[in-house]
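S.K.: Just to be clear, the model below is a prediction. Sequence and coordinates:
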Amino acid sequence: MTPAINIKNLTKDFPFGLGNLKLRAVDNLSLQIPDNQVFGLLGPNGSGKSTTIKVILGLLEPTAGECEIFGIPSRDVQSRQDVGFLPEAPYFYRYLTGFEMVKFFAKVCEVEKSTLIDRVNEVIAWVGLKEAANRRIGTYSKGMLQRIGLAQALVHNPRLIILDEPTAGVDPVGSAEISALILKLKEQGKTVLICSHLLAQIEDICDHVAILNRGKLILEGEVNDLVSRKGQRSMVIEGLSDEAAAEATRLLEQRGARVVGVEQPQSSLDRVFLEHVKKAESTRRDVDPKVETFGTSHQDETSGKEEK
Ligand SMILES: Nc1ncnc2c1ncn2[C@@H]1O[C@H](COP(=O)(O)OP(=O)(O)OP(=O)(O)O)[C@@H](O)[C@H]1O
Ligand SMILES: [Mg+2]
């Protein structure tokens, strides 16, 4: 079966300083991204992730090697027809509203006229921007820009979605919503290539990851294989007194187990944050209709008003 993305011996150099110096951003990278996967491209800052994406999308010429999207070479415009892209630092025309911008992209991508407005509204709701859809993009916060960028990338229902740090600047509730959206896209048969430094999120949503370092592939594999500690089990026990903990340790050691540590259970900050923000949203009262705030609650049907 044709992979969604095929990268063959890709090298990308940038000219650097005076003379003939060059910076090797991607170094002989070969990678196949199968269809209908969520694939994480990871690596430290400057390791070549965004450069690789730009070559895949035909935005940069490779120095050597080649890339294909669904079997079509990246240098061919046709290869980008079924692709949605959220760049790492999206720039959008600031005087358009979010709605107008997504509608513009929908027209450029030739979304069916009869369904265009419904589709624009649908993707704006998916990214939690219903309330701010009629505000100008120049007034959006960093996380809101990422969200509208994501809506733009999805509006033409592409088969391959490439997201370069989609949750940079997005709050934890939004991040969790974007994760859920990515999993929904996979259910619909799409392929998602995602770059992110949020490894917990990557671990939750990706089937497969590749790690780059200084442009070179240093690790690749199924997430489950990479993180599983074969043969190890851990138990979480509540309500154990010190005395009972000592007794349990003794019994476990008699059975050949080694107790590595006994800790006070803590709830994760992510969970505490999500619980409290969701609760505050669901119990919001005393809302002044003249004062607009940006909330990401998907239950609230009200839409924002035009900025003056
Ligand atoms: N247009 C360019 N001109 C010169 N050098 C560039 C250019 N784009 C990227 N580079 C260099 O290529 C290397 C890889 O950059 P790239 O943006 O691909 O990294 P990245 O893995 O996406 O990093 P980050 O996690 O910070 O987004 C860096 O050293 C960067 O400075
Ligand atoms: Mg980058």
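M.R.: Thanks, I have the structure now. Numbering: from 1, shown residues only. Ligands and ions are numbered 1, 2, ... in the order given.
S.K.: and this protein, which residues reach ligand 2?
M.R.: Residues of the chain lying near ligand 2 by C-beta under 5 Å from the ion: 49, 50, 88. For glycine as for every other residue, the C-beta is placed from the backbone atoms N, C-alpha and C.
S.K.: The same query, at a cut-off of 6 Å, please.
M.R.: With the criterion set to C-beta under 6 Å from the ion, the chain comes near ligand 2 through 49, 50, 88, 164.
S.K.: out of those residues, who's near ligand 1?
M.R.: Filtering these for proximity to ligand 1 by C-beta under 6 Å from any ligand atom leaves 49, 50, 88.
S.K.: Would you mind listing which of those are buried?
M.R.: 49, 50 (16 or more other C-beta atoms under 10 Å).
S.K.: Redo the ones next to ligand 1 among the residues of the chain next to ligand 2 as CSV? Include pLDDT and secondary structure.
M.R.: Below are these laid out as CSV (pLDDT from 0 to 100; DSSP: H, G, I helix; E, B strand; the rest coil):
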residue, pLDDT, secondary structure
49, 96, helix
50, 96, helix
88, 90, coil
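S.K.: Columns distance to residue 210 on top of the ones next to ligand 1 among the residues of the chain next to ligand 2, output as a markdown table?
M.R.: Putting these into a markdown table (distance: C-beta to C-beta, whole Å) gives the following:
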| residue | distance to residue 210 |
| --- | --- |
| 49 | 9 |
| 50 | 14 |
| 88 | 17 |
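S.K.: Looking at the ones next to ligand 1 among the residues of the chain next to ligand 2, which is nearest residue 127?
M.R.: Distance to residue 127, by C-beta to C-beta, is smallest for residue 88 among those, at 16.9 Å.
S.K.: show me where the stretch 101-250 of the chain has helices.
M.R.: In the stretch 101-250 of the chain, the segments counted as helices under DSSP state H, counting those that start in this stretch are 116-126, 142-154, 172-187, 199-205, 223-227, 242-254.
S.K.: So which of the ones you listed is the most surrounded?
M.R.: Greatest average neighbour count among the helices of the stretch 101-250 of the chain goes to helix 142-154 (a mean of 23), per mean count of other C-beta atoms under 10 Å.
S.K.: Quick one: end-to-end distance for stretch 179-194.
M.R.: Its start and end residues considered, stretch 179-194 measures 11 Å (C-alpha to C-alpha, to the nearest Å).
S.K.: ugh, typo on my part, it should be stretch 163-179
M.R.: Using C-alpha to C-alpha, one end of stretch 163-179 lies 12 Å from the other.
S.K.: got the contact list for that stretch?
M.R.: 49-50, 53, 85-88, 127-128, 141-143, 145-147, 149-150, 153, 182, 192-198, 201, 204-205, 270, 273-274, 277-278, 296, 298 (C-beta atoms under 8 Å, 6 or more residues apart in numbering).
S.K.: how near is residue 18 to residue 27?
M.R.: From residue 18 over to residue 27 the distance is 23 Å, taken as C-beta to C-beta, to the nearest Å.
S.K.: Among those two, which residue is more densely surrounded?
M.R.: residue 27 (18 against 6; other C-beta atoms under 10 Å).
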